[in-house]
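> Quick one, fold the following:
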Amino acid sequence: MSLSEKYTDEEIIEKVLNGEKALYEIIVRRYNPYLYKVGRSYNYNHQDTQDLMQDTFVDAYKNLSQFEGRSNFKTWIVRIMMNNCYRKKEKFSFKNEIMKENINEQSSPLFSNSKTNTDHIVHNRELGSAIEKALQRIPFDYRMVFSLREINELNVAETADILNISESNVKVRLNRAKSMLRDELNGMYADEELYSFNLVYCDGMVERVMGIINQLN
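Numbers count the residues shown, from 1 in each chain. Model prediction:
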């Protein structure tokens, strides 16, 4: 059982507040996809959404002691993300002096209507197919490490044992496989078209967030 499966949100929060800062990585990995979809629902592009996610994870960390469990943690952190998205929109609107009478009060989020939901589902299917095709274009040794670690969810030791390589080699090959896969996908999709915040981008967000948090007192 991985650490992510072992601990509930509340248990992780308690441990982080008691000094086990590194465990916050689990929170980042657990909620990356949710926050990404929130940002894209506000029509932010890929990069702006990542920036907002980073801000949200850091904000949540700084205010963990204020989480009282009245709602679940997912609701709490998604709300922080939505507030950050809203503030960014307001700042942009103010700069552009948008006239109030031109604002559509009936406007709805990107994924709120049936057509958009259908488009989103189709896009995800296409993206899944693209990822499969991209995987076929990277060398076998890297593809196998990626498949065992990320798709079949084996740990480093298990993957090393099956492939008869060192654990260090597993880590190196996995990072290289992700880099290759990212390059393949970027050749087919612009960053802002990748609606699912998939594992190709997850490690980068973890590194960004934990880098900031580790500098905090």
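
> what sits up against stretch 6-18?
23-24, 26-27, 30, 61, 64-65, 67, 69, 72-74 (Cβ atoms under 8 Å, 6 or more residues apart in numbering). Glycine gets a C-beta too; all of them are placed from N, C-alpha and C.

> Report pLDDT for the residue most central in space within the chain.
The residue lying closest to the centre of the chain (Cα atoms, centre = their mean) is N32, at 2.7 Å. Per-residue confidence (pLDDT) for N32: 91.

> any idea how far I162 is from it?
27 Å (Cβ to Cβ, to the nearest Å).

> circling back to that earlier point, report the two of the contacts of stretch 6-18 separated the most.
R30 and S65 (19.4 Å; Cβ to Cβ).

> Those two: which is more packed in?
R30 (16 against 9; other Cβ atoms under 10 Å).

> which SS class is that one?
Classification of R30 by DSSP: H, G, I helix; E, B strand; the rest coil places it in helix.

> Quick check: it vs V145, distance?
Separation of R30 from V145 (Cβ to Cβ): 23 Å.

> Equivalent analysis for L174, please.
L174 is 5 Å from V145, by Cβ to Cβ.

> Settle it for me: which of these two has more neighbours?
Remark: of L174 and V145, V145 carries more neighbours, 27 against 19, as counted by other Cβ under 10 Å.

> which non-adjacent residue is nearest that one?
Once flanking residues are discounted, V145 sits nearest to R173: 4.2 Å by Cβ to Cβ, 6 or more residues apart in numbering.

> ok, that neighbour - contacts?
R173 makes contacts with D141, Y142, V145, F146, I165, as judged by Cβ under 8 Å, 6+ apart.

> quick one: which of those sit in helices?
In this view, the contacts of R173 that belong to helices under DSSP state H are D141, Y142, V145, F146.

> out of those, who has the most neighbours?
Counting neighbours by other Cβ under 10 Å, V145 leads these with 27 neighbours.

> Contacts only, for that one.
T159, L163, V170, R173, L174, A177.

> centre of the chain versus stretch 64-80, how much separation?
Put simply, stretch 64-80 sits 18 Å off its chain's centre (Cα atoms, centre = their mean, to the nearest Å).
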